[in-house]
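In: how does the following fold in three dimensions:
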Amino acid sequence: MAFRCAASRGIAYRSAVAAAFFALFAMQVFADDWGPLSRERALVQLDSPHESERREGLARLAEIGTEADVPYMLRRLHDDAPLVRGMAEQALWGLWLRPNDTTADRMFQTSVVLFQQKDMERAIRQLDEIIAYKPEFAEAWNKRGDAYMQLGNYDRALADYVRVLQLNPYQFSAMLSCGEIWLERRNARQAAEYFRRALELNPNLFNAALILHQLEEMLENDRI
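Out: As a prediction, this is how the structure comes out:
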């Protein structure tokens, strides 16, 4: 299908972003000392007129924020400042990728390495263990969905992504993945719906915007 390469690149891009963020986060990507900021103060700074304070608030929430903070962080994906929008996406990933459990964190990082090594079978087994240990950790389901998708098992992948969205209804990456699967299944209307939902949350997903535009044109012309 015409969109297949773009969709596959999307998975690879998100995997690379997640892996890179893990590496950077472990090396204290936010090199400045955000420590003095409380969670409450970080939330207040998200609405600061000063770009540096908005970025500072996002960086701190990546470290200590909770799921309740996600709607406020999502607003910064629509920020006027490109650096704030980029920080918002990284901060959301930082929050989502934190299982807040040292055992789960160690296991998850192992699964990321296995995924990078393209050892999907072992990655899935590792993610199975994480899900059994901490089933509420949405990103373990998300990563397992990515692994199944790489193996071409779209039914299992879609089931995992649906579970991600039950646990985290703001996970725009899982929405993109669902859209990609529906493209593979040649269901343009369902694919367009998932891409549209993802873009409503994160308008910076430029590849998804391009695919959605093409889908909408084709649907309007009744060509699919």
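
In: quick one: low-confidence parts of this protein?
Out: 1-35, 222-224 (pLDDT under 70).

In: and stretch 90-106, what's buried?
Out: Across stretch 90-106, burial judged by 16 or more other CB atoms under 10 Å covers 90-99, 104-105. Any C-beta I mention is one placed from the backbone N, CA and C, and that applies to glycine too.

In: likewise stretch 74-93?
Out: Going by 16+ other CB under 10 Å, stretch 74-93 has these buried residues: 74, 76-77, 79, 84-93.

In: need the contact list for the nearest residue to residue 189 once chain neighbours are set aside.
Out: Spatial nearest neighbour of residue 189, chain neighbours left out: residue 219 (6.5 Å); criterion: CB to CB, 6 or more residues apart in numbering. Residue 219 makes contact with 188-189, 192, according to CB atoms under 8 Å, 6 or more residues apart in numbering.

In: narrow the residues you listed to just the buried residues.
Out: 188, 192.

In: for the contacts of residue 219, give me a markdown table that also has distance to residue 61.
Out: What follows is the contacts of residue 219, written out as a markdown table (distance: CB to CB, whole Å):
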| residue | distance to residue 61 |
| --- | --- |
| 188 | 37 |
| 189 | 36 |
| 192 | 32 |
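
In: follow-up on the earlier one: mind listing which of the buried residues of stretch 74-93 are in strands?
Out: Taking DSSP state E, every one of those sits outside strands.

In: which pair in those spans the largest distance?
Out: 79 and 93 (16.4 Å; CB to CB).

In: any idea how this protein splits into domains?
Out: As assigned by automatic domain parsing, the chain contains the domains 4-20+100-220, 32-96.

In: re earlier: and of the contacts of residue 219, the nearest to residue 164?
Out: Out of the contacts of residue 219, the member with the shortest distance to residue 164 (by CB to CB) is residue 192, at 19.7 Å.
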